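Asker: okay, structure incoming, though there's no sequence with it:
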DNA sequence: AACCAGCGTTAGTCACACTAACGTTATCGG
DNA sequence: CCGATAACGTTAGTGTGACTAACGCTGGTT
């Protein structure tokens, strides 16, 4: 058996992280998630002056139509307390409109604007590129598999919290 | 076509999250990672009065022998500024010993204790159970696949940061 | 009229990843 | 030998993400 027993780094030094650590799915998840988060956050900021929440809200509005802030919270997973700030940013940029609901004066109705729709298209493209970078080592079939596995896991833990 | 067009929740209400959002690997990663983190953190606290960092440090000491705090930082990925607190907790519990290095008085040499080794075994078992819960929807082959995909992605982004 | 529930909002908590700076100690070039 | 540079452990602090608590307002219920 010739080759790497444990694993090698480019500079030739042996890898230092114990295997039982490297193999734990929880650890892989959290480490990869931080990298991914940084990649996406920085990419969106640099290429579109946007944050990921913007995408979530705009996509939800585009695909499901206008809604109250509470509805958007449910759709996107953003807490309603944080939704306030996100919508402030989006209205500042004229990407959505926040208007009181005449039928229920507790509610605001959030609508996506034409500019918001354009921005959404742009964000979709930027995100496509970023995900290409994120998933670079995987071929298309593996990417599908990966997404599918993640989805099944997340669904399971969403239903059984 | 009868059945779920988009998807159903147990209570019959249509799912609200747009597909383009649900399919993004970055989003799946971050959501699953938070669930996973919570599961592990709470599980370790409840079943072993421990934190995940404890496991990382103990495992590293067991598998690679004693080392300086800086070395442990590299092995585990914990920042050296945070390592201080972790080692305080571990020495408090008598799981490791922190002694000055006579050969280099800048360094501390950290050694795992007998109690630390026992604790590590316990943590390994607890973590096995928790990962069983985390990966419940996947069969063994799929779990391997999942870990393998995660590993490849993480390795790629670790080498090309 | 009294009550509870939902809405948007503000403020604050907690943990994690990460940076900055400091005193101490080694090491290396002149 | 000396002075610069750098690694070590440590303290303090930043920024962000997930989440909680509480408030005033409005709506539906009885």
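Answerer: Yep, that arrived. None of these values were measured; they are calculated from a predicted model.

Asker: only C-alpha atoms from now on, for both contacts and neighbour counts.
Answerer: OK.

Asker: does DNA strand C sit close to stretch A:90-104?
Answerer: No. Stretch A:90-104 does not reach DNA strand C (C-alpha under 7 Å from any atom of the strand); its nearest approach is 8.0 Å.

Asker: also stretch A:77-84?
Answerer: Yes. Looking at stretch A:77-84 against DNA strand C by C-alpha under 7 Å from any atom of the strand, the contacts come from A:80, A:81, A:82, A:84.

Asker: for those residues, which one is nearest residue A:130?
Answerer: Closest approach between the residues of stretch A:77-84 next to DNA strand C and residue A:130, by C-alpha to C-alpha: residue A:82, at 24.7 Å.

Asker: ok, residue A:81 - how many residues close by?
Answerer: 11 (other C-alpha atoms under 10 Å in any protein chain shown).

Asker: residues in contact with the helix or strand harbouring residue A:29: which ones?
Answerer: In the assignment (DSSP states H and E), residue A:29 maps to helix A:25-48. With contact meaning C-alpha atoms under 8 Å, 6 or more residues apart in numbering or on different chains, helix A:25-48 is reached by A:21-22, A:50-52, A:122-123, A:126-127, A:130, A:134, B:26, B:29-30, B:32-34, B:36-37, B:40, B:131, B:147, B:150-151, B:153-154, B:157.

Asker: does stretch A:109-127 reach DNA strand D?
Answerer: No. Applying C-alpha under 7 Å from any atom of the strand, one finds stretch A:109-127 separated from DNA strand D by no less than 13.1 Å.

Asker: actually stretch A:146-157, not the one I typed
Answerer: No. Using C-alpha under 7 Å from any atom of the strand, stretch A:146-157 stays clear of DNA strand D, coming no nearer than 11.5 Å.

Asker: which positions within the helix holding residue A:29 qualify as buried?
Answerer: Residues of helix A:25-48 classed as buried by neighbour count (16 or more other C-alpha atoms under 10 Å in any protein chain shown): A:25-33, A:35-37, A:39-44.

Asker: all strands of chain A, in order?
Answerer: A:96-100, A:108-112 (DSSP state E).

Asker: what residues does the last one touch?
Answerer: Going back to what we said before, that points to strand A:108-112. Contacts for strand A:108-112 (C-alpha under 8 Å, 6+ apart): A:58, A:61-62, A:65-69, A:95-101.

Asker: just stretch A:123-134 next, same as before
Answerer: Contacts to stretch A:123-134, defined as C-alpha under 8 Å, 6+ apart, come from residues A:36, A:39-40, A:43-44, A:47-48, A:55, B:24-26, B:153, B:157.

Asker: quick check: mean pLDDT of it?
Answerer: Stretch A:123-134 carries an average pLDDT of 97.

Asker: how about it: buried residues?
Answerer: In terms of neighbour count (16+ other C-alpha under 10 Å), stretch A:123-134 has its buried residues at A:123, A:126, A:127, A:130, A:131, A:134.

Asker: ok, residue A:23 touching residue B:147?
Answerer: Yes. At 6.8 Å, residue A:23 counts as touching residue B:147 under the criterion of C-alpha atoms under 8 Å.

Asker: so the two - more neighbours on which side?
Answerer: Between residue A:23 and residue B:147, counted using other C-alpha under 10 Å, residue B:147 has the larger neighbour count: 18 against 15.

Asker: which residue packs closest to that one, ignoring adjacent ones?
Answerer: Once flanking residues are discounted, residue B:147 sits nearest to residue A:25: 6.0 Å by C-alpha to C-alpha, 6 or more residues apart in numbering or on different chains.

Asker: then residue A:66?
Answerer: residue A:111 (4.8 Å).

Asker: any idea how far the one you found lies from residue A:69?
Answerer: Residue A:111 is 10 Å from residue A:69, where distance means C-alpha to C-alpha, to the nearest Å.

Asker: one more: residue A:134?
Answerer: From residue A:134 across to residue A:69, the span is 31 Å (C-alpha to C-alpha).

Asker: which residue packs closest to residue A:110, ignoring adjacent ones?
Answerer: The nearest residue in space to residue A:110 (C-alpha to C-alpha, 6+ apart) is residue A:98, at 4.7 Å.

Asker: is it true that the one you found touches residue A:91?
Answerer: Yes. Between residue A:98 and residue A:91 there is a contact under C-alpha under 8 Å: 7.1 Å.
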